[in-house]
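A.B. asks: What follows is a predicted protein model with its sequence.
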Amino acid sequence: MNFVLFHIGDTILPDLLAKSIRKFSPNSLIYFVTDNATKKIDNADHFVTINGDPEKIMTFRLKAYSEIKLKEHAIYLDTDMLMLKSYNFKEFEKFDIALCSREFGNDAKINENYKNQNWSNYSGKSAGEVFPYVACFSITKDYLFWKDCYNELLKLDEKFHYWYGDQEVMRLLLETRNYHFSKIKESTMCPPLEYLKEDSIFAHFKGGRKNQMQEAAKFILSNKY
């Protein structure tokens, strides 16, 4: 399986993720996709730089995913994650796309002033209603879904270019296009750290949990794990 890691800036987290993938999926190819200023990481097989605006991170990431133009199945990951065990992803290769279905924080109401942007169009709605798919873990058969996502995002209000844009276009496209589609269980594949289960494949150190990732990696990457 191919793994695609998009990250800009300090490379500590993507390097740890790549090391964990290398441990549990040693035959996989790892693509590290970034801007022209970010350094390479040692455990990536391919280092790809893309021109884009780092401030508009949603647009940049979808542009990058589409411009590497992979024509085979790949897993696209947030870099604040660690792989915990081996897993055969072939069950998803019969689908055009497989997206991670939100299972945590579904009932949380959307913050109408998130990041000083106006989100009043989602007033009273929950995260589960508005953003049923989380963008931390996705599998696609090629780059065309990401091209669709990028083109759709360009049509939306500029605020989506900074925040929520990937989740917004995922929902919109699933509502309007006829993809051969599967859902990935967040609770099994990549739950937030405090919801880890014995059979979890990845741990997600999202938000304030990132400061625990380096210590966790020392244990996971050790010979004793």
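C.D. replies: The structure has been received and is ready for your questions.

A.B. asks: Please compute how far stretch 157-173 lies from its chain's middle.
C.D. replies: Offset of stretch 157-173 from its chain centre (CA atoms, centre = their mean, to the nearest Å): 14 Å.

A.B. asks: Start and end of it, how far apart?
C.D. replies: For stretch 157-173, the separation between the terminal residues is 16 Å (CA to CA, to the nearest Å).

A.B. asks: List the buried residues in it.
C.D. replies: 159-161, 163-170, 172-173 (16 or more other CB atoms under 10 Å). Every residue, glycine included, has its C-beta placed from N, CA and C.

A.B. asks: same deal with stretch 58-77?
C.D. replies: So for stretch 58-77, counting by 16+ other CB under 10 Å, buried means 58-68, 70, 73-77.

A.B. asks: Cross those residues against helices and list the overlap.
C.D. replies: Met58, Thr59, Phe60, Arg61, Leu62, Lys63, Ala64, Tyr65, Ser66, Glu67 (DSSP state H).

A.B. asks: Tell me where the longest strand sits in the protein.
C.D. replies: strand 133-140 (DSSP state E).

A.B. asks: Output that strand as PDB, restricted to C-alpha atoms.
C.D. replies: C-alpha atoms of strand 133-140 as PDB (Å, rounded to 0.1, in the frame of the first residue of the first chain):
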ATOM      1  CA  TYR A 133     -16.300  12.500   7.500                       C
ATOM      2  CA  VAL A 134     -13.000  13.400   9.200                       C
ATOM      3  CA  ALA A 135     -10.100  14.000   6.800                       C
ATOM      4  CA  CYS A 136      -7.300  12.500   8.900                       C
ATOM      5  CA  PHE A 137      -7.400   9.100   7.100                       C
ATOM      6  CA  SER A 138      -8.700   8.500   3.600                       C
ATOM      7  CA  ILE A 139      -8.100   5.900   0.900                       C
ATOM      8  CA  THR A 140      -8.600   6.500  -2.800                       C
END
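
A.B. asks: who's in contact with the closest residue to Ser120 other than its chain neighbours?
C.D. replies: What sits nearest to Ser120 in space, not counting adjacent residues and going by CB to CB, 6 or more residues apart in numbering, is Glu112, at 4.9 Å. Contact analysis of Glu112 by CB atoms under 8 Å, 6 or more residues apart in numbering lists Asn118, Trp119, Ser120, Tyr122, Ser123.

A.B. asks: Also Gly165?
C.D. replies: Gly165 neighbours (CB under 8 Å, 6+ apart): Met58, Thr59, Leu62, Leu153, Leu156.

A.B. asks: Please tabulate the contacts of Glu112 in a markdown table and include secondary structure and distance to Asn178 as additional columns.
C.D. replies: Converted to a markdown table, the contacts of Glu112 look like this (DSSP: H, G, I helix; E, B strand; the rest coil; distance: CB to CB, whole Å):
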| residue | secondary structure | distance to Asn178 |
| --- | --- | --- |
| Asn118 | coil | 33 |
| Trp119 | coil | 29 |
| Ser120 | helix | 32 |
| Tyr122 | helix | 26 |
| Ser123 | coil | 31 |
